[in-house]
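**Student:** predicted model, plus sequence, below.
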Amino acid sequence: MIRKLALLASLTFASALFAETADLRILKLTTSKSTVTRGEQITVVMQWRNLGPDVARGVVATVGDNSGAIAITGNGSEHSVCEPTFGGEGFVCRRDLEVGATGDMIVTMLAPATGDQFTLNATLSSTSLDPHLEDNASSVSVALVTAPKTADLSISPETQQHQVEAGKGFAIPLMVRNVGPDAANDVFVLASFQAGSRIPLTASGAGWTCENPEDAPWNLVCRRGELAPGATSPIVVRVAPTDSQGDFRFYSRVAATGMNDPVSPSISTAEVHFGEEAEEGWVRVLLPFVPVEVPGINGARWAVETSLLVQSQIEIPEICFGPSVGPPCPLLPAGYVLRLSEMSGWDRRVQGGMFLFVRRSDVDQLNVNTRIWDRSRETETAGSGIPTVHERNFSSVRNALLGIPIASHYRYTLRVYDLEGRAETRVRVKIYADDEATPRAQSTETLKASPFATKNYATQLEEYPAYLQLDPLQIASLAGATTMRIEVEPIDLGIIWSFVSVTNNETHHVTTFSAN
């Protein structure tokens with residue numbers, strides 16, 4: 001036994017003896033100023049060297065983590081891969097470093113918006129054996145003085161969750177707000193996935209200029225000159241299709257130059273799963289109209305009917321017991337056909353539609369058909385099909401409704417739905433004539449939550465979308481035009497779907513133009 005222990009010890013010593021050894025040392029850590037105003041930009045320089053005797057493998061140099069400062073931009077020496085650390089407080093560069101070679105980084109940082117001083121810590125590490133770890137860390141302190149103005153900035157939502165099919169892009173909506181009391185100047189938002197993810201990002205928003213640092217399309221910086229007190233300003237971050245699979249964390253952070261910010265930092269995060277769609281969980285299917293029969297103009301008797309065909313046994317809580325009611329729902333048998341008008345309780349929900357909830361693994365087993373027609377002309381037309389909308393058709397970016405014909409005997413209704421059923425969600429509606437680049441009119445409209453808003457007992461999700469209905473011709477004059485297009489853009493983090501119904505007053509036939 002003693003002989004085996006001795007042999008093991010000698011092997012351990014031998015592996016350490018023949019491992020690559022690289023003595024890394026921080027040579028410099030400096031800031032452009034020793035005293036700065038809160039929120040002021042400063043330049044930080046870090047430099048390090050490999051004293052050998054071997055190449056230093058996988059060197060990681062980091063500066064600024066947990067300091068309260070924000071890394072806006074930076075770059076490192078040749079062959080380095082550099083980016084902000086998660087949360088934006090630090091900056092990191094990675095590379096192998098030859099014997100005798102030096103590495104460096106130059107970082108532009110924003111001083112914290114609170115406090116009297118902050119300390120920048122710098123560290124070095126590598127996968128090679130380093131015999132002198134004591135010179136792999138350094139720090140420098142900077143004094144802070146109060147800025148002349150104060151702006152309480154925030155970015156929301158606090159957290160989001162996204163599930164994305166492999167190889168598909170998606171959007172992350174963000175809302176920046178200035179509570180005041182002063183206007184915020186030189187406002188910027190940093191956005192990135194966790195360090196090392198390298199998932200490309202782009203972004204846009206009214207008043208914002210967004211760009212990626214050179215050679216780093218996975219980092220994003222959005223800037224605007226001013227944000228008035230009480231103002232909000234949305235940004236939509238677009239994530240390019242990626243082959244990445246698994247769970248990733250996204251962060252975004254807001255700050256302004258030369259400002260006190262009493263509640264800092266403000267960070268929004270998102271948990272994103274890239275991969276095949278999960279089999280569990282509930283999917284919302286929107287019925288834009290619920291079964292109803294109501295009178296219309298010119299003697300019309302409008303009817304809406306929705307029929308369901310179940311391919312294999314599934315559970316649909318609303319169908320079994322009606323909205324918001326009942327114990328767990330029994331399975332509907334395969335081949336089951338149901339007309340929703342045969343169920344009671346629909347008459348109160350004439351406008352705004354409703355959601356059906358279907359388990360994700362069952363959604364392809366359900367066929368839904370909704371039609372609208374005028375019963376007074378039932379012998380002349382079978383009516384029109386109305387889209388049934390999967391929740392994936394809802395979008396946090398602009399909806400475009402194209403090629404809508406214009407004629408004096410048509411009437412138009414624009415309908416907008418918000419997936420989360422939020423009250424007071426606003427949208428910006430722009431109406432264009434033909435192919436004109438400038439809208440004939442635009443307005444900001446507010447969606448209203450359903451008066452029957454409630455969460456479904458099984459899913460704990462809203463059963464009714466928030467809803468907007470308007471006549472676009474009451475907003476815009478389209479004289480001389482033969483077609484129109486309508487753009488609907490969410491303002492307050494809305495996740496929306498839109499469509500326009502065009503009704504022929506002579507035939508009472510309905511045609512729909514949807515966003516997806």
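**Tutor:** Looks like it came in fine.

**Student:** all strands of the stretch 401-516 of the chain, in order?
**Tutor:** For the stretch 401-516 of the chain, applying DSSP state E, counting those that start in this stretch gives strands covering 410-418, 426-433, 441-446, 466-470, 483-490, 496-504, 510-514.

**Student:** out of these, which comes closest to residue 25?
**Tutor:** Closest approach to residue 25 among the strands of the stretch 401-516 of the chain (Cβ to Cβ): strand 483-490, 52.6 Å. Every C-beta, even on glycine, is put in place using the N, C-alpha and C of the backbone.

**Student:** what angle separates that closest one from strand 441-446?
**Tutor:** Interaxial angle, strand 483-490 versus strand 441-446 (axes from the mean of the first three to the mean of the last three Cα atoms, to 10 degrees): 40 degrees.

**Student:** secondary structure class for residue 96?
**Tutor:** Recorded secondary structure, residue 96: strand (DSSP: H, G, I helix; E, B strand; the rest coil).

**Student:** coming back round to it: using a markdown table, please lay out the strands of the stretch 401-516 of the chain together with mean pLDDT and distance to residue 269.
**Tutor:** Below are these laid out as a markdown table (pLDDT from 0 to 100; distance: least, Cβ to Cβ, whole Å):
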| stretch | mean pLDDT | distance to residue 269 |
| --- | --- | --- |
| strand 410-418 | 94 | 23 |
| strand 426-433 | 92 | 24 |
| strand 441-446 | 92 | 28 |
| strand 466-470 | 92 | 25 |
| strand 483-490 | 91 | 21 |
| strand 496-504 | 93 | 23 |
| strand 510-514 | 90 | 33 |
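
**Student:** nearest to residue 168 among these would be which one?
**Tutor:** Among the strands of the stretch 401-516 of the chain, strand 496-504 comes nearest to residue 168, with 18.0 Å by Cβ to Cβ.

**Student:** give me the contact list for that closest one.
**Tutor:** Strand 496-504 is contacted from outside by 286, 288, 387, 389, 393-396, 399, 401, 404-405, 409-419, 425, 427, 472, 486, 488, 490, 509-516, using Cβ atoms under 8 Å, 6 or more residues apart in numbering.

**Student:** tell me the SS of the spatially most central residue of the chain?
**Tutor:** Nearest to the mean C-alpha position of the chain, by Cα atoms, centre = their mean, lies residue 172 at 1.3 Å. Three-state call for residue 172 (three-state DSSP): strand.

**Student:** could you check the pLDDT of it?
**Tutor:** With respect to pLDDT, residue 172 scores 89.

**Student:** now it: how far from residue 417?
**Tutor:** Per Cβ to Cβ, to the nearest Å, residue 172 is found 21 Å from residue 417.

**Student:** so who does the residue nearest to the centre of the chain touch?
**Tutor:** Contacts of residue 172 by Cβ under 8 Å, 6+ apart are 160, 162, 236, 237, 238, 239, 250, 252, 270, 396.

**Student:** and if we set it to 10 Å?
**Tutor:** Residues counted as contacts of residue 172 (Cβ atoms under 10 Å, 6 or more residues apart in numbering) are 157, 160, 162, 191, 201, 203, 235-239, 250, 252, 268, 270, 272, 396.

**Student:** next one: residue 466
**Tutor:** 352, 416-425, 446-450, 453, 494, 496.

**Student:** how about 6 Å then?
**Tutor:** Taking Cβ atoms under 6 Å, 6 or more residues apart in numbering, we find residue 466 in contact with 418, 421, 422, 425, 447, 449.

**Student:** same check on residue 187?
**Tutor:** Here residue 187 is in contact with 224, 227, 256 (Cβ under 6 Å, 6+ apart).

**Student:** between those, which is nearest residue 68?
**Tutor:** Within the contacts of residue 187, the smallest distance to residue 68 is 14.8 Å, found for residue 256 (Cβ to Cβ).

**Student:** what pairs with that closest one across the strands?
**Tutor:** Beta bridges link residue 256 to residue 187, judged by DSSP bridges.
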